[in-house]
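Engineer: Task: produce atomic coordinates for the following.
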Amino acid sequence: MASRFYLPSSGAATVNPAFDATWELTSDADRLRMATAKQNTSYQTRQLVAYSPALSDTLWRQYVSDPLNAGSISGTVKGILQAKAQWGTWFPMKTQIVIRVVSNNGLIVRGTLLSSGTGHGSDYSMSTRNGYAPPSATAIATIVAQQSDRIVIEIGVRVISLGIFSSYAQQKYGDPTSGADLAENETDTAEGVPWIEFSQTLSFETGWAPPPAVAAPTVGGAFTTPRELVQWRLMLCDLNGVAIANLTRIARDKQLTYTLNRASSCSFHVPSDHALVNTLHTDGYPLLEAKMRTIKAYRYEGGSFDDGTFGYGSAYGADAYGAGSYAGGALSTGSYVLRFAGTVDVIEDTARGDEPRTTVTCFDPLKHLERRLCRDSGGGTSEVAFDGDQSGQIVRILIDRANVLGATGVATDGSLATTTGRVMSFTHKSIAAVITELADSDFDLYLAPVERFDGILCTLHVYVSFGNDRPDVIFGWDSSPGSATGVTRVRDGTELANVVVSAGGSGLNLEKVDATSIGLYRRHEVVSNYADTTDMGFLNAMGDSEIGVRKHLRERITMELAQGRAAEPFSHFYLGDTVRTRASSRLRGGFTRSDRIYAFTVTVDDDGSERLSSVTLAAS
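Structural biologist: Coordinates of the predicted model:
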């Protein structure tokens with residue numbers, strides 16, 4: 001009876017054998033455990049962009065088996081893996097495989113069962129379909145395995161010829177228990193489970209049975225389970241927002257953080273000595289420089305990633321933004337959506353060993369408004385007064401006045417909700433401080449990134465309350481759906497206040513008292529100074545807002561999310577949305593409640609794919 005191994009998309013290998021020396025590129029390779037039973041991992045697509053015109057072998061993945069019983073391994077091997085290439089047979093690529101036997105700890109190579117060759121299968125086509133990996137009856141060498149040895153299968157791509165072009169290839173992995181094994185042909189396009197099969201019956205150590213398959217929890221009933229791989233593109237632009245270079249492939253440890261009514265941020269690092277970083281641009285300044293460059297981050301939405309534009313492509317043309325198509329490939333099912341636009345603020349050069357790197361931190365324009373002063377209609381800063389203007393309109397006016405003196409990066413022609421009229425005056429105060437004060441008491445704001453090339457990066461929108469109720473988005477730890485791998489619940493009484501005195505200008509003051517809170521927690525008094533406020537109505541609103549938040553213990557939940565199991569940001573939820581959160585009773589009694597999304601962080605892996613690493617929620 002033959003022994004068939006499946007190729008899961010996740011699940012770390014127990015040991016880490018060195019990659020076979022015949023591979024020319026291994027920097028993007030990872031190591032996973034393989035077993036003869038399906039592990040119920042979801043389908044995932046890996047992608048490689050090749051630039052070299054020469055023939056080359058690139059390793060994508062190493063699979064390591066469970067320990068074997070001692071004995072001779074011989075016979076034949078065959079396999080099926082779905083794949084595609086951007087240009088098909090015009091610039092051919094095909095599957096490359098190396099199979100070895102190694103010691104239990106992976107440090108000793110007993111021998112090679114199948115060596116790298118001219119490619120183990122036919123050339124990839126331009127559409128995803130079955131392909132041999134390798135073809136049926138491929139002979140393997142005879143290797144004598146010792147007790148507890150392991151089989152290592154390494155799978156990659158052989159690039160045959162590219163001429164002067166770049167091109168990409170894709171391979172599809174995963175072994176859901178509901179999926180059928182791929183048929184043994186090179187024509188089928190239906191999604192299925194890839195496999196590699198030995199003609200010999202392999203014997204594994206007693207007691208080393210594969211764990212039972214576990215069904216992935218659902219996210220909610222109203223939408224399908226989210227994609228596990230959501231691609232991003234990172235573009236370096238000048239101050240006007242015009243593209244200079246595509247940083248997607250060289251930027252590492254990319255992370256984007258979004259916070260309600262606060263500036264969003266983007267950070268990453270690049271090799272300091274890379275040509276895209278270390279050279280001068282035509283304006284005479286380094287290509288990457290704080291306060292002189294902007295970063296735009298695009299998220300692929302509306303379909304699966306399948307356009308071949310992951311590399312440099314037409315980085316200097318309009319198609320760098322995901323619109324239309326270009327020689328690198330067509331956008332077939334979705335498009336890139338601009339999700340962050342900000343200015344490079346901090347550049348830090350470091351060197352560890354022989355690796356020089358440059359860490360880059362960017363913020364959207366809300367952060368920069370901390371260094372722009374409120375101004376009156378004449379441009380002065382000493383007495384900036386408003387009498388009865390709506391709070392949202394005040395923010396718009398202040399930004400408009402600042403733009404007259406120099407671009408803030410913000411356009412104010414977005415939506416403007418009806419907000420409370422205010423009587424206020426400011427003396428040498430920053431616009432950001434005023435926005436924070438008003439947003440915390442009266443409205444939510446949203447700086448929507450926009451695709452413009454005149455220095456405008458975002459458009460201001462003001463809402464009475466940003467966000468919607470999303471009853472089908474559930475974040476759960478140790479309970480269904482199990483979308484969280486970790487949770488932190490903070491119940492903090494240090495900011496508790498049930499007597500709030502709001503002190504305004506011209507001797508105005510107003511006291512707010514919450515008797516219920518006093519009965520629960522004793523009396524906690526604070527004085528909040530609003531010296532710029534000369535209107536009793538504004539003081540009253542500020543007092544109501546502050547005591548409403550502070551009369552309870554501050555409670556906030558941070559969920560660490562499981563990749564592919566949690567709802568997607570942007571697609572399923574965004575800042576301000578109300579979602580459901582759960583934790584089992586093992587977490588000091590647990591909880592089931594509704595929470596408002598206050599912040600979330602997206603980590604973009606080095607292959608360009610998204611992981612929602614955490615989401616912070618506050619009681620709604």
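
Engineer: going forward, measure contacts between C-alpha atoms and count neighbours the same way
Structural biologist: Will do.

Engineer: Under the pLDDT cut-off, which ranges of the chain? List them.
Structural biologist: Low-confidence segments of the chain (pLDDT under 70): 49-55, 87-91, 118-120, 161-166, 206-229, 281-282, 303-334, 619-620.

Engineer: pull the longest strand from it.
Structural biologist: Longest strand of the chain, by residue count under DSSP state E: strand 335-352.

Engineer: now the next helix or strand after that one, how far from the chain's geometric center?
Structural biologist: Remark: after strand 335-352, the chain's next helix or strand is strand 355-363, criterion DSSP states H and E. Computed by Cα atoms, centre = their mean, to the nearest Å, the chain-centroid distance of strand 355-363 equals 18 Å.

Engineer: Stretch 101-115 too?
Structural biologist: On the basis of Cα atoms, centre = their mean, stretch 101-115 sits 36 Å off its chain's mean C-alpha point.

Engineer: Could you export it as PDB, CA atoms only?
Structural biologist: Output in PDB follows, covering the C-alpha atoms of stretch 101-115 (Å, rounded to 0.1, in the frame of the first residue of the first chain):
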ATOM      1  CA  VAL A 101      16.200  11.400   4.500                       C
ATOM      2  CA  VAL A 102      17.600  13.100   7.600                       C
ATOM      3  CA  SER A 103      18.300  12.200  11.200                       C
ATOM      4  CA  ASN A 104      15.600  12.700  13.900                       C
ATOM      5  CA  ASN A 105      17.200  16.100  14.800                       C
ATOM      6  CA  GLY A 106      17.600  17.100  11.200                       C
ATOM      7  CA  LEU A 107      21.300  17.600  11.500                       C
ATOM      8  CA  ILE A 108      22.500  14.600   9.500                       C
ATOM      9  CA  VAL A 109      21.600  13.900   5.900                       C
ATOM     10  CA  ARG A 110      21.300  10.100   5.400                       C
ATOM     11  CA  GLY A 111      20.900  10.500   1.600                       C
ATOM     12  CA  THR A 112      18.900  12.100  -1.200                       C
ATOM     13  CA  LEU A 113      15.900  10.200  -2.600                       C
ATOM     14  CA  LEU A 114      15.100  12.600  -5.400                       C
ATOM     15  CA  SER A 115      17.600  15.200  -6.600                       C
END
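
Engineer: Could you pull out the buried residues of that stretch?
Structural biologist: Within stretch 101-115, the residues that count as buried by 16 or more other Cα atoms under 10 Å are V101, V102, S103, N104, G106, V109, R110, T112, L113, L114, S115.

Engineer: Those: which two are farthest apart?
Structural biologist: Pairwise distances across these (Cα to Cα) peak at 20.7 Å, for the pair N104 and S115.

Engineer: now the helices for the chain?
Structural biologist: If DSSP state H is used as the criterion, the helices of the chain fall at 275-278, 365-368, 391-405, 431-439, 515-521, 536-550.

Engineer: For these, give me CSV that also has distance to F475.
Structural biologist: Output for the helices of the chain, formatted as CSV (distance: least, Cα to Cα, whole Å):
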stretch, distance to F475
helix 275-278, 40
helix 365-368, 29
helix 391-405, 33
helix 431-439, 27
helix 515-521, 29
helix 536-550, 24
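
Engineer: how much space between A433 and C237?
Structural biologist: To C237, A433 is 28 Å away according to Cα to Cα, to the nearest Å.

Engineer: between these two, which one's more packed in?
Structural biologist: Higher neighbour count among A433 and C237: C237, with 25 against 16, using other Cα atoms under 10 Å.

Engineer: Find the residue at the geometric middle of this protein.
Structural biologist: The C-alpha lying nearest the average C-alpha coordinate of the chain belongs to E610 (Cα atoms, centre = their mean; 3.1 Å).

Engineer: Wait, that residue touches K254, no?
Structural biologist: No. Counting by Cα atoms under 8 Å, E610 does not reach K254; the two are 9.5 Å apart.

Engineer: okay, and the common contacts of these two?
Structural biologist: Common contact partners of E610 and K254 (Cα atoms under 8 Å, 6 or more residues apart in numbering): T603, V604.

Engineer: count of residues packed around E348?
Structural biologist: Neighbour number of E348 under other Cα under 10 Å is 12.

Engineer: Let me see the domain layout of the protein.
Structural biologist: Domain segmentation of the chain under automatic domain parsing yields 3-198, 496-552.

Engineer: Dump those into TSV; add distance to D606 as well.
Structural biologist: Formatted as TSV, these follow (distance: least, Cα to Cα, whole Å):
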stretch	distance to D606
domain 3-198	8
domain 496-552	40
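
Engineer: Kindly compare burial across those domains and name the winner.
Structural biologist: Comparing the domains of the chain by mean neighbour count (mean count of other Cα atoms under 10 Å), domain 3-198 ranks first with a mean of 20.

Engineer: chain center to it: distance?
Structural biologist: Relative to the mean C-alpha coordinate of its chain, domain 3-198 is positioned 27 Å out (Cα atoms, centre = their mean).

Engineer: give the contact list for S199.
Structural biologist: Contacts of S199 (Cα under 8 Å, 6+ apart): M1, A2, S3, G75, T76, V77.

Engineer: List the contacts of the residue lying closest to it once chain neighbours are set aside.
Structural biologist: Among residues not flanking S199 along the chain, A2 sits closest, at 4.5 Å (Cα to Cα, 6 or more residues apart in numbering). By Cα under 8 Å, 6+ apart, the contact set of A2 is E197, F198, S199, Q200, T201, L202.

Engineer: how close does the closest residue to the fourth one other than its chain neighbours sit to E197?
Structural biologist: Think Q200. In this structure, Q200 finds its nearest non-sequential neighbour in A2, 5.1 Å apart by Cα to Cα, 6+ apart. Using Cα to Cα, A2 is found at 7 Å from E197.

Engineer: Then A275?
Structural biologist: The value you get for A275 to E197, if Cα to Cα is used, is 45 Å.

Engineer: Equivalent analysis for L288, please.
Structural biologist: For L288 relative to E197 (Cα to Cα), the value is 50 Å.

Engineer: for P17, same thing?
Structural biologist: Going from P17 to E197 by Cα to Cα gives 21 Å.

Engineer: out of the domains of the chain, which comes closest to G353?
Structural biologist: Here domain 3-198 is closest among the domains of the chain (Cα to Cα), at 17.9 Å.

Engineer: Could you check how far the closest residue to V395 other than its chain neighbours is from S425?
Structural biologist: Leaving aside its chain neighbours, V395 sits nearest to I435 (6.5 Å; criterion: Cα to Cα, 6+ apart). In this view, I435 and S425 are 14 Å apart by Cα to Cα.

Engineer: Pick out whichever of those two has more residues nearby.
Structural biologist: Shown here are I435 and S425; by other Cα under 10 Å, I435 has more neighbours (24 against 19).

Engineer: so that one sits right up against R396, yeah?
Structural biologist: No. I435 is not in contact with R396 according to Cα under 8 Å; the separation is 9.9 Å.

Engineer: what's the closest of the buried residues of stretch 101-115 to E555?
Structural biologist: Taking Cα to Cα as the measure, G106 is the one of those closest to E555, at 47.7 Å.

Engineer: and that closest one, backbone torsions?
Structural biologist: phi 80, psi 0 (degrees, to the nearest 10).

Engineer: what's near enough to touch it?
Structural biologist: With contact taken as Cα under 8 Å, 6+ apart, G106 is in contact with V15, N16, P17, A18, R150.

Engineer: And the furthest pair within these?
Structural biologist: Taking Cα to Cα, no two of those sit farther apart than A18 and R150, at 13.1 Å.

Engineer: any idea how far M424 is from S430?
Structural biologist: If you measure M424 against S430 using Cα to Cα, the figure is 14 Å.

Engineer: out of the two, which sits in the more crowded spot?
Structural biologist: A count of neighbours by other Cα under 10 Å puts M424 above the other of M424 and S430, at 22 against 19.

Engineer: give the contact list for that one.
Structural biologist: Counting by Cα under 8 Å, 6+ apart, M424 touches A385, F386, D387, D532, T533, T534, D535.

Engineer: The closest residue to it other than its chain neighbours and G131, how far apart?
Structural biologist: Sequence neighbours aside, T533 is the residue nearest to M424 in space, at 4.7 Å (criterion: Cα to Cα, 6+ apart). Distance, T533 to G131, using Cα to Cα: 71 Å.

Engineer: Thanks again, I'm all set now.
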